[in-house]
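Enquirer: A predicted structure for the sequence below; I have some questions about it.
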Amino acid sequence: MIERYVALRERVDPLTATTAEDQRAFLEQAEAPLVLVEGDVACGAVMRFPPESDADLKLAVVEEARGRGLGGTLLERLLAHAREQGWASALASVSDDASRSWAERRG
């Protein structure tokens, strides 16, 4: 699954520049990581790296699958996991204007 996660992230953002081996190392260091992969069109992850209080949130949906609610559904699942862990907040970055607009609409 990690290989699919990395491939999807790189398909959405070619500047991701990570490997499955890198992701496995991050997951081993993280507190309560959750990685989700939805077919070949979307993926997301949330995890925390103590002593940070904020969780790290990643979300990617390929362009042709956007606008169908998949990103919102993944986001809800990831944030629910973060809340279950008692994490104060989750931080994410965006790489383009469309993603920024989508994120702003969700707070």
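Expert: Done, it's in. None of these values were measured; they are calculated from a predicted model.
Enquirer: longest helix of the chain?
Expert: The single longest helix within the chain, with elements called by DSSP state H, is helix 70-85.
Enquirer: contact partners of that one?
Expert: Applying Cβ atoms under 8 Å, 6 or more residues apart in numbering, the contact partners of helix 70-85 are 31-32, 34, 36, 38, 41-46, 48, 55, 57, 59, 61, 89-90, 102, 106. Quick note: C-beta positions are derived from backbone N, CA and C, even for glycine.
Enquirer: which parts of stretch 35-44 are buried?
Expert: By neighbour count on 16 or more other Cβ atoms under 10 Å, the buried set for stretch 35-44 is 35-38, 41-44.
Enquirer: Endpoint to endpoint, that stretch covers what distance?
Expert: End-to-end distance of stretch 35-44 (Cα to Cα, to the nearest Å): 6 Å.
Enquirer: what does stretch 77-94 give?
Expert: 19 Å.
Enquirer: Can you give the distance of that stretch from its chain's centre?
Expert: Chain-centre distance of stretch 77-94: 10 Å, with Cα atoms, centre = their mean, to the nearest Å.
Enquirer: Which positions within stretch 44-55 qualify as buried?
Expert: For stretch 44-55, the neighbour count (16+ other Cβ under 10 Å) marks 44-48, 55 as buried.
Enquirer: Select, from these, the two members most distant in space.
Expert: Greatest spatial distance among the buried residues of stretch 44-55 (Cβ to Cβ): 44 and 48, at 14.8 Å.
Enquirer: what does the worst-scoring helix or strand of the chain on mean pLDDT contact?
Expert: None of the helices or strands of the chain scores lower by mean pLDDT, DSSP states H and E than helix 97-105, at a mean of 88. Defining contact as Cβ under 8 Å, 6+ apart, one finds that helix 97-105 is touched by 66, 71, 92, 94.
Enquirer: again, 10 Å this time
Expert: For helix 97-105, contacts defined as Cβ atoms under 10 Å, 6 or more residues apart in numbering pick out 12-13, 57, 59-61, 63, 66-67, 71-72, 75, 92-94, 96.
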